[in-house]
Structures are given as structure tokens and as C-alpha cells.
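Asks: Give me a 3D structure for the following:
(one chain, ligands or ions: 2)
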Amino acid sequence: MSGSGDEEAPGRQAIRKLAPGRLVIASHNPGKVREIEALLGPYGIQPVSAAALDLPEPEETGTTFVANAELKALQAADLSGLPALADDSGLCVDALNGDPGIYSARWAGPGKDFAVAMRRVEDAIAAKGPDASRDAHFVCALALAWPDGHVEWFEGRVDGTLVWPPRGDRGFGYDPLFVPLGHDISFGEMDPEAKHAMSHRARAFAQLVAAVL
Ligand SMILES: O=P(O)(O)OP(=O)(O)OP(=O)(O)OC[C@H]1O[C@@H](n2cnc3c(O)ncnc32)[C@H](O)[C@@H]1O
Ligand SMILES: [Mg+2]
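Replies: Ligands and ions are numbered 1, 2, ... in the order given. Next up is the predicted model:
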């Protein structure tokens, strides 16, 4: 941090008090929780997941990634009495006007079956014809909320193209479909460290670190 003598923002003071304290990761997605724990690793914060605290999964009624991240973070902070970090993310496909977007989890159905969701994406692109664009991007909105209702949010994005059939069994969700720009392997084939070097989540996280940690 640069400068001296300036008053720290309330959020900054709060997160400083966290270390080595606790932060709720307000997500019920084990793949995301794993990635966020890895990203938090260097900062001496002890994360606890919403699932470990038995927090309910809120209905995602927002119409944007940020709105959904915010409602998940606020609910977890309110119920736990701890600061909470939520992630709302998804795959946006150009040929599908940005779908599945904020509905990315819902395209996998109640069984959260991403083989089904990836097939749905592929079928929808194929229905647009052989010349349909295969360009896509992942978006991640992170919201950091405190029990007093203070909330800050950050967004990251990574561009790429979609392959078929799915490639690799690393990562989670739509990772096997997505080849980031400038690379020739999918997120599903990549080392977690390589994904963290460029992912939408890592980019949103870098902004959070710059602003808050
Ligand atoms: O809401 P929480 O409890 O955090 O878990 P979720 O799985 O429902 O998460 P979202 O509502 O944010 O839905 C986003 C979906 O987009 C997909 N997604 C997000 N980030 C991804 C990534 O890095 N790689 C692959 N798929 C991703 C993933 O399948 C998620 O289920
Ligand atoms: Mg969700």
C-alpha cells in the first residue's frame, strides 16, 4: 500500500483484523472453494466454507453476476457474524448472446451435472449453424461483505474459445470446454497454478487484493 497517515477505508481495517482470522467462503461449489482457498493461501486468512457452517444456499434472484455475488456474501455474513466472500461466475458464449451467463449453474440441472450442461452449450451453438462463433468468456464477480452490511465487489474476465468434445478432467464445471486465448489446452487440462495465472477468478481476486489486503 502506498501513502502514509491516510485513514484506512473501513473495509481495509476490517480485513486486516481478519488475518489470521476467519473468512467465510460463501459458496457451496467445492471446485470454487478449492480455488478461492488457494488464492487466499498467501494472505494468512483461515477460510471456512458456507457448507462447513451449514449455511443455506440462497436463491440467486439477481440479474447480474455482481448482484448475485452480493446477495450470497451478505446472507453468509449476516448468518455467520463473520466477513464473507462470495463468487458469482459463469460462462458467456457469444453465439448464444451471452448465455448461459448467470444461469451457468442452472444449465446443469438439479443434479448439477456438467456433462449435461456442456452438451447443452454445444447443442445450442450447433443449432446456430456451422459458421457460429465459438468465442466465449468466463466472468467472475467477487463480493466481500461484513456483518454490518458493508460490501465491496470486484470483477474479472478471461476470453477464449470452446472446443468439442470436452478435454481434460481437472478443474470443474465448464473447464473442459474452454481454451483460453493464446493457449492450446483447456482449463480442464491445465495445472491449477496455470489456471490461477489467468482465470476470471484470479483476475477478480487480484483486484480484491489490490483494494483490500
Ligand atoms: O453459488 P455457489 O454456491 O458459489 O456455487 P454455484 O456452482 O451455484 O456457482 P454460481 O452460481 O456462481 O454458478 C456458476 C457456474 O459457472 C461455472 N463456472 C464458474 N466458474 C468456473 C470455472 O472457473 N470453471 C468452470 N466453470 C465455472 C460453474 O459450473 C458454476 O456452477
Ligand atoms: Mg450458485
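
Asks: mind listing the strands for this structure?
Replies: For the chain, the strands defined by DSSP state E cover 22-25, 46-49, 84-93, 135-145, 151-162, 178-180.

Asks: what about the first one and ligand 1, touching?
Replies: No: applying C-beta under 6 Å from any ligand atom, one finds strand 22-25 out of contact with ligand 1, separated by at least 8.5 Å. Backbone N, C-alpha and C define where each C-beta goes, glycine included.

Asks: picking up where we left off before, Throw the strands of the chain into CSV and include mean pLDDT and mean neighbour count, thanks.
Replies: Shown next, in CSV, are the strands of the chain (pLDDT from 0 to 100; neighbours: other C-beta atoms under 10 Å):
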stretch, mean pLDDT, mean neighbour count
strand 22-25, 92, 21
strand 46-49, 88, 16
strand 84-93, 98, 26
strand 135-145, 98, 24
strand 151-162, 98, 19
strand 178-180, 98, 24
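
Asks: Wait, residue 48 touches residue 22, no?
Replies: Yes: Residue 48 lies in contact with residue 22 (C-beta atoms under 8 Å); the separation is 5.6 Å.

Asks: quick one: low-confidence ranges for the protein?
Replies: 1-21 (pLDDT under 70).

Asks: Contact residues of it facing ligand 1?
Replies: Checking the chain against ligand 1 by C-beta under 6 Å from any ligand atom, the hits are 27-29, 32, 57, 60, 72, 87-90, 104-105, 114, 138, 171-175, 187, 199, 201.

Asks: Now, those residues that are in helices?
Replies: The helices, defined by DSSP state H, take in 32, 72, 114, 201 from the residues of the chain next to ligand 1.

Asks: quick one: which of those residues has the most company?
Replies: When neighbours are counted as other C-beta atoms under 10 Å, the busiest of these turns out to be residue 72, with 27 neighbours.

Asks: Return the residues in contact with it.
Replies: 26-27, 58, 60, 84, 86-88, 143 (C-beta atoms under 8 Å, 6 or more residues apart in numbering).

Asks: And the residue of the protein closest to ligand 1?
Replies: Distances between the chain and ligand 1 by C-beta to the nearest ligand atom are smallest at residue 173, namely 2.5 Å.

Asks: Can you tell me how far the residue lying closest to that residue once chain neighbours are set aside is from residue 120?
Replies: Nearest residue to residue 173, sequence neighbours excluded (C-beta to C-beta, 6 or more residues apart in numbering): residue 114, at 5.4 Å. Using C-beta to C-beta, to the nearest Å, residue 114 is found at 10 Å from residue 120.

Asks: With residue 161 instead?
Replies: Distance from residue 161 to residue 120, by C-beta to C-beta: 18 Å.
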